[in-house]
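In: This is the structure alone, sequence omitted:
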């Protein structure tokens, strides 16, 4: 036995309730500053909620405080990604999951439109070729 065994320990807590990390207020202040930066200099921001001490209760509180806006999207890539604008214009919640529906990341994006929803220019070129082929089915294909 070590000397530590003689030290009594009493565990206090809230029983089965989920603990809050008290990170919500500073997070909201960070979001406010990011919105100011977006307005003033068009600087976008991403806040990785998965990378900070943020409990399930904090997440539920955040979602309740920010509410839901009018725009949402679900994408299927390597797994489902859900994107929705909160009731606060310019604040988006982006959640990436794997093929087994396990969360990979949870982000707040402060932007006019999340990057994952912006069509890459290379895809635009492929779209032009696809529409051209539809419009002129008898034309020879470009090689």
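Out: On my side now, so go ahead. Just so it is clear, the model here is predicted, and its values are computed rather than measured. Numbering: from 1, shown residues only.

In: Any buried residues in the lengthiest helix in the chain, and which?
Out: Ranked by residue count and defined by DSSP state H, the top helix of the chain is helix 24-41. Within helix 24-41, the residues that count as buried by 16 or more other CB atoms under 10 Å are 24, 27, 31, 34, 35, 38. All C-beta atoms are positioned from the backbone trio N, CA, C, and that covers glycine.

In: do stretch 103-123 as well
Out: Under 16+ other CB under 10 Å, the buried positions of stretch 103-123 are 106, 107, 108, 109, 110, 111, 114.

In: Now intersect these with the strands, please.
Out: The strands, defined by DSSP state E, take in 106, 107, 108, 109, 110 from the buried residues of stretch 103-123.

In: which residues touch the first one?
Out: Residues in contact with residue 106 (CB atoms under 8 Å, 6 or more residues apart in numbering) are 48, 49, 50, 59, 93, 94, 95, 96.

In: SS state for the fourth one?
Out: In other words, residue 59. Here residue 59 is recorded as helix under DSSP: H, G, I helix; E, B strand; the rest coil.

In: Just give me the neighbour total for it.
Out: 14 (other CB atoms under 10 Å).

In: doesn't residue 52 make contact with it?
Out: No: the pair residue 59 and residue 52 does not pass the contact test of CB atoms under 8 Å, sitting 11.0 Å apart.
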